[in-house]
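**Q** Need a 3D model of the sequence below.
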Amino acid sequence: MGKDVARADGVPDVLKNMATDNKLDPLVLGIGGDQTQHLIYRLQNGELLPAFADEDNAVFVILIGTNNLGSGMLPDPTAKGVRAVAEYILDHTKGHLAVMDLLPRGDGKVKLPRLCPPRCRPDGDPFKSFIPAITKVNSRIDHMVPELQKEYGRRIGHFDCGGKFLAADDRNEVDINLMPDLLHPNKDGHKLLAQCMMQYINGIAT
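**A** Numbers count the residues shown, from 1 in each chain. Below is the predicted model:
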């Protein structure tokens with residue numbers, strides 16, 4: 001039931017090709033609309049399989065938080081949610097955790113007026129863009145990872161792929177060729193994500 005989601009066309013093939021070309025055995029836990037609290041619940045209730053959790057060479061990549069912002073949550077509690085996910089994974093696995101900075105999103109003109117009130121500017125008008133909130137969350141991730149490295153060492157790191165999705169002529173807007181709906185990467189966007197991700201993974205393997 002339901003309708004085809006054009007933004008997903010070709011995306012599964014990108015993952016398959018990445019796994020095949022790099023001899024990976026991925027476990028994908030992403031769900032549409034997922035927020036940090038949803039992910040933690042699922043990890044606590046059976047989705048973090050022992051075969052992956054107990055593998056010393058496993059790499060866990062998390063990209064989570066944009067849907068928290070999209071639901072009206074502020075940057076600080078969103079970043080705290082990302083940290084809670086990170087700490088849970090580190091405490092319940094043996095592998096390496098890679099935290100990806102949030103990607104830019106350009107649907108603010110449509111989404112943000114629906115969130116005001118209560119999420120409004122001081123003058124009472126709705127915010128115009130998600131980019132400032134995303135920047136704040138990413139800044140907190142940038143500070144969070146070194147803090148967690150003091151406890152978990154090199155088991156955690158982070159990387160940023162977001163710049164690849166900004167328009168060349170306006171760095172405050174997303175590239176619609178990579179995010180046609182201004183939020184979700186299409187096939188070409190996922191190819192860039194895969195390359196960015198593998199660059200990080202190959203870096204920690206050397």
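**Q** Can you give me the buried ones in the helix or strand where Pro12 lies?
**A** Using DSSP states H and E, Pro12 falls within helix 11-21. Using 16 or more other C-beta atoms under 10 Å as the test for burial, helix 11-21 gives Val11, Val14, Met18. In this view, the C-beta of every residue, glycine as well, is placed from N, C-alpha and C.
**Q** now do stretch 129-149
**A** 129-131, 133-134, 136-138, 140-141, 144-145, 148.
**Q** can you list the residues that contact that stretch?
**A** 65-66, 69-70, 74-76, 78-79, 82-83, 86-87, 90, 99, 101-109, 111-112, 127, 156-158, 160, 162, 172 (C-beta atoms under 8 Å, 6 or more residues apart in numbering).
**Q** again with stretch 160-177
**A** 100-106, 129, 131, 134, 138, 178-179, 182, 185, 188-189, 192-193, 196-197.
**Q** From the residues you listed, which land in strands?
**A** Met100 (DSSP state E).
**Q** circling back: going by distance to Val28, which of the buried residues of stretch 129-149 wins?
**A** Ile141 (21.3 Å; C-beta to C-beta).
**Q** now the helices: where do they sit in the chain?
**A** 11-21, 36-42, 50-53, 66-70, 75-92, 108-111, 131-152, 187-205 (DSSP state H).
**Q** The least confident helix or strand in the chain by mean pLDDT: partners in the sheet, and parallel or antiparallel?
**A** Of all helical and strand segments in the chain, the minimum by mean pLDDT, DSSP states H and E falls on strand 170-174, at a mean of 79. If you go by DSSP bridges, strand 170-174 pairs up with strand 166-167 (antiparallel).
**Q** Just send the buried residues of stretch 129-149 back as CSV, with pLDDT and distance to Val28 too.
**A** Listed next are these as CSV, based on pLDDT from 0 to 100; distance: C-beta to C-beta, whole Å:
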residue, pLDDT, distance to Val28
Ser129, 93, 29
Phe130, 95, 25
Ile131, 94, 27
Ala133, 96, 26
Ile134, 97, 23
Lys136, 97, 28
Val137, 98, 22
Asn138, 98, 23
Arg140, 98, 26
Ile141, 97, 21
Met144, 97, 24
Val145, 97, 23
Leu148, 98, 24
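**Q** what's the burial count for Asp188?
**A** 15 (other C-beta atoms under 10 Å).
**Q** Quick one: residues contacting the nearest residue to it once chain neighbours are set aside.
**A** The shortest distance from Asp188 to any non-neighbouring residue, by C-beta to C-beta, 6 or more residues apart in numbering, is to Leu178 (5.7 Å). Leu178 sits next to Lys164, Phe165, Pro185, Asn186, Asp188, Gly189, Leu192 when contact means C-beta under 8 Å, 6+ apart.
**Q** farthest-separated two in those residues?
**A** The most widely separated members of the contacts of Leu178 are Lys164 and Asn186, with 13.0 Å between them, by C-beta to C-beta.
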